[in-house]
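Participant: Sequence first, predicted coordinates after that:
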Amino acid sequence: RAIGRHGKPAGKARAGRGQLIISNDGNSAPGATIVSSSCTDTTVGYILLYGAGKLRIDAGQALSALSSGITGLNNIGSTFIDSGTFVLAGSWVQSSTAIFTAPTGSTVTFNGSSAQTVDVKGQAFQTVIGSNTSSGGVLMLSSSSVSNLINNAGATFNLGGLLFNDTAINNSGNLVVVGT
């Protein structure tokens, strides 16, 4: 069964077409929705985190949000901890009060079939993989730090002239860097 609010099973939906909504609903002791080895159906259409909700992907696990051409992840004042692999086909929108944590070993892959924008408000990534081969590719809308950027063949990753601190870059596609 699919994961749902507060880690409770959600109704079965066709893979990649449903919405995963996570909210703490104002509870003072927030629990987390956890993508662990016991989860199945870890492919959704898109994700909404709000109300101090918390989503965690365990190490060695993956969560995919496959709806392309829309906001694939909308984090409004909540917490997203990616210790595993997160695959996103849509855009990433995050409020200034939202928290994204990417421990060592975590990966975020941008693989949309249309233009994707990423607005993480300065949050840091471990490994980012650019696999979007559409004409718009991936466009960063806010500054970020990345330990390892891998841009695959045919993919476009556009830094948009923003501050982007990176330790290692492996570029087989089109990496667009504007500015000094």
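Facilitator: Done, it's in.

Participant: And the pLDDT for residue 30?
Facilitator: In this prediction, residue 30 carries a pLDDT score of 62.

Participant: And the one 5 residues further on, by the same measure?
Facilitator: At residue 35 the predicted local confidence, pLDDT, stands at 94.

Participant: show me the contacts for it.
Facilitator: 3, 42, 55-58, 61-63, 84 (Cβ atoms under 8 Å, 6 or more residues apart in numbering). Placement of C-beta: from N, CA and C, glycine included.

Participant: out of those residues, who's nearest residue 126?
Facilitator: Closest approach to residue 126 among the contacts of residue 35 (Cβ to Cβ): residue 84, at 10.8 Å.

Participant: who's in contact with that closest one?
Facilitator: Residue 84 neighbours (Cβ under 8 Å, 6+ apart): 35, 57-63, 105-107.

Participant: What subset of these is buried?
Facilitator: Among the contacts of residue 84, those scoring as buried are 35, 57-58, 61-63, 106-107 (criterion: 16 or more other Cβ atoms under 10 Å).

Participant: Take the residues you listed and write them to a markdown table, including secondary structure.
Facilitator: Output for the buried ones among the contacts of residue 84, formatted as a markdown table (DSSP: H, G, I helix; E, B strand; the rest coil):
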| residue | secondary structure |
| --- | --- |
| 35 | strand |
| 57 | strand |
| 58 | coil |
| 61 | coil |
| 62 | strand |
| 63 | strand |
| 106 | coil |
| 107 | strand |
